[in-house]
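Colleague: I would like the atomic coordinates for the input below:
(one chain, ligands or ions: 1)
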Amino acid sequence: MNIFEEISEQSRRAILLQLMDGSRSVNEIVEATGLRQPNVSNHLARLRSKGIVSSSRVGRHIYYSISKAEVEDALNAIIRSSEDEPSVVDLSELVIPYARAACRGDERECSRIIDQAVRTHRCMIALYADLLGAAMSTIGSWYLAGAIDEAQEHMTSAITERQMGRIMSYLGTPTPSENVAVIGSAPQNHHTIGMRMLADYLTTQKWNVRFLGADVPVPSFRREVADSRPDLVLISCSHNEGVEWTGRLIREIASLRGNAQTPTIVVGGGIVNQEADRFLADGADFLATSLEQFATYLLPQVTAPN
Ligand code: B12
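Modeller: You can find the predicted model right below:
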């Protein structure tokens, strides 16, 4: 169920706005929205098949309502905008307010900012990279300047991971296809936000994602790849200290290729460019430094039929 997709169509948005105020019959919706009756019935059938609305019969009438509380919360966040809110918000203007709120530990304010962004920017890559990613880099520069300490850096990371979870709950998780991806990082790599972004993006693209998280011992990472036989192995490396172990992990995964397995190995993260020759020599097929680069250039190559 992708709520973004459903509300991007104007008529469905109008119908959902009605249902957010309570159950309605088709006739009531027709009257309130001015839409034609067959049109309303078609949209309701679609919304019902997607699990966004449900119906119940009362006497001779069928009443439609929002299916469950989580859908209602998501719609409230996405559709209802405050009166004085500008209709389009530049994401770059939200970066500093979000970063400040996260450093204060004001999670409610972070949620409000994210919902505001979500209402006008339905592109997941933009929300992740241009808002959350940019805010984390800003927070990094505040840390380097001594304006915040490690506790605040950790707190902002945890808040941001939860905000990504909220955005994903709005997007919904489609039933995965047969494509399997394993994603994680080798020992001494503690950064998880970037790879979580990749994992979430692949989930929206119907990949079956096995997210291992950070700091995974090489033998168990290898075991996971051997067992789940993924099409794609994504390895994240954002820090110089993690380079040695990342190289070892790439070599271990590449060594599985003889056993009728041909996983494509993609290594990404803030420092891959400076280690490009080495990671390619270790057995990586592709390198990428951002979610956008991965989504726009790399994934289409990886999934293109031979
Ligand atoms: C938050 C943070 C932490 C948190 C991480 C918490 C968590 N749950 O992730 C904590 C506090 C644990 C931490 C620890 C450390 N960190 Co730190 N951290 C950061 C910070 C501020 C933000 C990172 C982040 O989330 N960025 C946002 C995400 C979206 O960006 P990203 O990780 O680069 O991911 C993007 C791309 O790289 C790419 N990508 C990432 N992985 C993958 C994988 C694949 C396959 C692909 C295709 C793409 C891809 O896609 C993502 C989206 O575009 C950065 C500062 C910065 N400028 O980034 C420093 C930073 C990364 N950390 C740094 C350092 C030095 C450390 C520490 C050693 C010390 C410290 N306290 O700062 C330790 C230990 C690091 C280790 N061994 O891994 C340095 C790394 C420098 C370097 N070149 O080596 C940075 C750059 C800060 C700095 N300028 O000094 N850190």
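
Colleague: Going by C-alpha atoms from here, please, whenever you check contacts or count neighbours.
Modeller: Will do.

Colleague: which non-adjacent residue is nearest residue 302?
Modeller: The shortest distance from residue 302 to any residue other than its chain neighbours is 7.5 Å, reached at residue 264 (CA to CA, 6 or more residues apart in numbering).

Colleague: list the contacts for that neighbour?
Modeller: Residue 264 sits next to 231, 232, 233, 284, 285, 302 when contact means CA atoms under 8 Å, 6 or more residues apart in numbering.

Colleague: pLDDT check: weakest of these?
Modeller: pLDDT across these is lowest for residue 302, at 81.

Colleague: which residues are contacting the helix or strand hosting that one?
Modeller: With secondary structure defined by DSSP states H and E, residue 302 is part of helix 299-303. Outside of helix 299-303, the residues that reach it under the criterion CA under 8 Å, 6+ apart are residue 264.

Colleague: now the contacts of residue 264 as TSV including neighbour count, distance to residue 89 and secondary structure?
Modeller: Compiled in TSV, these are given as follows (neighbours: other CA atoms under 10 Å; distance: CA to CA, whole Å; DSSP: H, G, I helix; E, B strand; the rest coil):
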residue	neighbour count	distance to residue 89	secondary structure
231	19	38	coil
232	22	36	strand
233	23	36	strand
284	23	39	coil
285	16	38	coil
302	17	34	helix
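
Colleague: Which of these lies at the shortest distance from the ligand?
Modeller: Proximity of the contacts of residue 264 to the ligand, judged by CA to the nearest ligand atom, is greatest for residue 233, which lies at 7.6 Å.

Colleague: State the distance from that closest one to residue 245.
Modeller: Distance of residue 233 to residue 245, computed by CA to CA, to the nearest Å: 16 Å.

Colleague: What of residue 210?
Modeller: Residue 210 sits 20 Å away from residue 245, taking CA to CA as the criterion.

Colleague: Same question for residue 74.
Modeller: The span separating residue 74 from residue 245 equals 41 Å under the rule CA to CA.

Colleague: Closest to the centroid, which residue in the chain?
Modeller: Nearest to the geometric centre of the chain sits residue 200, at 3.8 Å (CA atoms, centre = their mean).
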